[in-house]
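Student: Curious how this folds, go ahead:
(one chain, ligands or ions: 1)
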Amino acid sequence: MFDELRDLYQEVILDHGKSPRNFRHLENATCLAHGNNPICGDMLMVYLMLDGDGRITDVAFQGEGCAISVASASMMTEILKGKTRDEAKRLYEGFHDMCTKDGFDLSGLGDFDEDAIDRLKMLSGVREFPIRVKCATLAWHTMQAAVDGEDNISTE
Ligand code: ZN
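Tutor: Numbering: from 1, shown residues only. All right, here's what the predicted structure looks like:
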């Protein structure tokens, strides 16, 4: 990767880490879960509002964690709003594959916002750092647990 690109990626990740989007408590959340990554000390709460058709009408998170875990959660909330439970699951699996397998491309998973997909791809660099994979995927595991009706997950 070119150095300029790497800098750009870091800038976007740091921006989301410092100024996370949808960082708030969601009143009347229909599902929520608590995620814990003890290796790094990341702790997140993910809130979702699902309508009767299983569509995510709102999603938010709160908590404390490293820049990677917070940036990943922030980007996740941006892309999931308006998506169905099934689309969320597909993206969760795709994101996990991208963080753990070489050459996995997030594009083509469905009707997701392209810019938001491009931002998520910036987190693929964690693949080289197994400990960071847990930071990047924490919000996603937590979101999936919430949708599945579990209220706690831990990376341990
Ligand atoms: Zn972390």
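Student: residues contacting the residue nearest to N28 when sequence neighbours are not counted?
Tutor: The shortest distance from N28 to any non-neighbouring residue, by CB to CB, 6 or more residues apart in numbering, is to M49 (6.8 Å). C-beta: built from backbone N, CA, C; applies to glycine. Neighbouring residues of M49 by CB atoms under 8 Å, 6 or more residues apart in numbering: L26, N28, A29, T30, I56, T57, D58, V59.
Student: Which members of those residues are classed as buried?
Tutor: Buried residues within the contacts of M49, defined by neighbour count using 16 or more other CB atoms under 10 Å: L26, A29, T30, I56, D58, V59.
Student: For the residue nearest to N28, which residues count as its bridge partners?
Tutor: M49 forms beta bridges with D58, as assigned by DSSP bridges.
Student: and it, what pLDDT?
Tutor: If you check M49, the pLDDT there is 97.
Student: and the gap between it and the ion?
Tutor: 26 Å (CB to the ion, to the nearest Å).
Student: same thing with L48?
Tutor: Between L48 and the ion the distance is 22 Å, computed by CB to the ion.
Student: residues near that residue, how many?
Tutor: L48 has 24 neighbours, counted by other CB atoms under 10 Å.
Student: Equivalent analysis for N36, please.
Tutor: 19.
Student: can I assume it sits in a helix?
Tutor: No - N36: not assigned to a helix; according to DSSP: H, G, I helix; E, B strand; the rest coil it is strand.
Student: could we number from 653 for the rest of this?
Tutor: Got it, the first residue is 653 from now on, which makes the last one we talked about N688.
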